[in-house]
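Engineer: Would you be able to build a 3D model of this:
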Amino acid sequence: MATTKQYDAIVIGSGVAGTPLAKKLAKAGLKTALIEKRWVGGTCTNDGCTPTKTMIASAREAYQAGRCSELGVTINGFSVSIDAVIDRKDEIVQRFRNHAEEDILDTKNLTLIYGTATFLDDKTVEVHTAKGTKQTLKAEQIFINTGTRTTIPDIKGLNDSGYLTSTTILDLREIPEHLVIVGGGYISLEFSQMYHRFGSKITILEQSPDFMKKEDRDVADEVHNILTSDGIDIFTGCKVEQVNGEPNSVEVQVTLAGKKKTIKGSHLLVAAGRTPNTDEINIVAAGIKLNERGYIITNNKLQTNKKHIYALGEVNGGPKFTQIAFDDYRIVSENVLNNGKATIAKRLVPYCIFIDPQLGRVGITEKEAKEQGLDYKVAKLPMRLVARAIETSNTKGFYKAIVDAKTHKILGAAILGEQGGEIVTVLQVAMMGGLTYDHLRNSPIAHPTYAESLNNLFAKVE
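Structural biologist: Predicted coordinates:
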């Protein structure tokens, strides 16, 4: 019978939260085991941020080459080598993954175990290792960072269609002639524009009647206009009924505006949400409570109903962003190691959607301000009035900010424009520091920059 190995802490999952947490626990003197099912780095490094943003950079260069005549530059033909794009992506992902693994292996008191973890009870985990063996581990504290995976909707014929996911498409060494995408969320939008710029025809099928329903209507409408004006087809209120697929050919039967319609394409990408990875770890044996969607229920300190077990990152049902997972690590490590009082309550949730132009967001939307009955004002500035945008020929989108009418504090912002993610970070820092919009309106900002136009944005507050 295998011997049970005793640890002070067990971390399940080596994502953006799990890896730094395991290292910090180990450096604090706790004997720690880090269990990883596949590759170090989690979704961000292997299937998400790193590979997609690397490929998006290639797509942007193709786009820029195609429009360079606007700036007086002529290129006599260019082509996209998808093999070169994939090779570059793979090299960067491998570099990041190797660096993360080396750091883990060099950390004293930290043991990295590759395998699948399942709970035996609330302090015991069994690991089926990658080598085909089993290990039993026990610890007084356990931290779950198992993340999420692509949701596969229950659609007739889908499983036999040869569909792609946001993970498998990253290794596709061909440019789809016509990529049909089920789902119209942020992941879908990034892939749709990227592959359109590589040369694919794109059709997005979104079940909700509202495009980008979490955003303000003017923001969503502008994104819709940007994508459709480039030639991307977007159908909302679209129910997918059946899929028939074979290599390089797919037929998607949908109901649209009460009518049956068949959409033909070469490839099908499923990007219809995410499912938490809680079903493979026998979480019932630990007595941990889940919500109706399978996410782990936690308090504001990210503790489960078993106070010695924590859940970090997407598996706890919080915002699905890398920066939030990393902040979960900060909160948990502070509380566990320093007996702190860190909490997720009232934290700002900044994010950026890497379409082009970018959509950077922080704080509340105008819709949320209205629902909360706040006394607010809106400042809005079209990118076509931003000097830097005119000079660089990047005039799509606008700046938008929600401010408190009495205190002049910034409540939220949406920056849809070139460098939107960077500009919204300026506003986030202002919000964190308690600055009013008057400070940004009346402060000199380097000219000519995109951030400088925050002067003009807030000058529009009446």
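Engineer: Am I right that Leu343 is in contact with Asn300?
Structural biologist: Rather than Leu, residue 343 is Thr. Yes - using CB atoms under 8 Å, Thr343 and Asn300 qualify as a contacting pair, with a distance of 4.3 Å. Using the backbone N, CA and C atoms, a C-beta is placed for each residue, glycine as well.
Engineer: where exactly do the strands run in the stretch 201-350 of the chain?
Structural biologist: Secondary structure of the stretch 201-350 of the chain (DSSP state E, counting those that start in this stretch): strands at 201-205, 233-235, 238-246, 249-256, 259-265, 267-270, 274-276, 309-311.
Engineer: tell me the mean pLDDT over the fifth one?
Structural biologist: It stands for strand 259-265. For strand 259-265, mean pLDDT is 96.
Engineer: May I have the strands that pair with it, each with its orientation?
Structural biologist: Here strand 259-265 is paired, per DSSP bridges, with strand 249-256 (antiparallel).
Engineer: mind listing what's buried in the strand it pairs with?
Structural biologist: For strand 249-256, the neighbour count (16 or more other CB atoms under 10 Å) marks Ser249, Val250, Glu251, Val252, Gln253, Val254 as buried.
Engineer: How are the helices of the stretch 301-450 of the chain distributed by residue range?
Structural biologist: Using DSSP state H, counting those that start in this stretch, the helices found in the stretch 301-450 of the chain span residues 322-338, 366-371, 387-392, 420-432, 437-442.
Engineer: Summarise which helices and strands the second one is packed against.
Structural biologist: Read it as helix 366-371. Here helix 366-371 touches strand 376-382, strand 398-404, strand 410-417, going by 3 or more CB pairs under 8 Å, 6 or more residues apart in numbering; DSSP states H and E.
Engineer: and for that helix, what are the contacting residues?
Structural biologist: Contacting residues not belonging to helix 366-371 are listed as Asp216, Arg217, Tyr376, Val378, Lys400, Ile402, Leu411, Gly412 [CB atoms under 8 Å, 6 or more residues apart in numbering].
Engineer: Would you confirm that Ser188 contacts Ile169?
Structural biologist: No - counting by CB under 8 Å, Ser188 stays clear of Ile169, with 11.3 Å between them.
Engineer: shared neighbours of those two, which are they?
Structural biologist: Shared contacts of Ser188 and Ile169, defined by CB under 8 Å, 6+ apart, are found at Leu269.
Engineer: Which of the three states applies to the closest residue to Val386 other than its chain neighbours?
Structural biologist: With CB to CB, 6 or more residues apart in numbering as the criterion, Val386 has its nearest non-adjacent residue at 4.5 Å, and that residue is Ser453. Secondary structure, DSSP: H, G, I helix; E, B strand; the rest coil: Ser453 is helix.
Engineer: pretty sure Ser453 contacts Ala387?
Structural biologist: Yes - under the criterion of CB under 8 Å, Ser453 makes contact with Ala387 at 7.2 Å.
Engineer: neighbour-wise, which of those two wins?
Structural biologist: Set side by side, Ser453 and Ala387 show more neighbours around Ser453, with 23 against 14, by other CB atoms under 10 Å.
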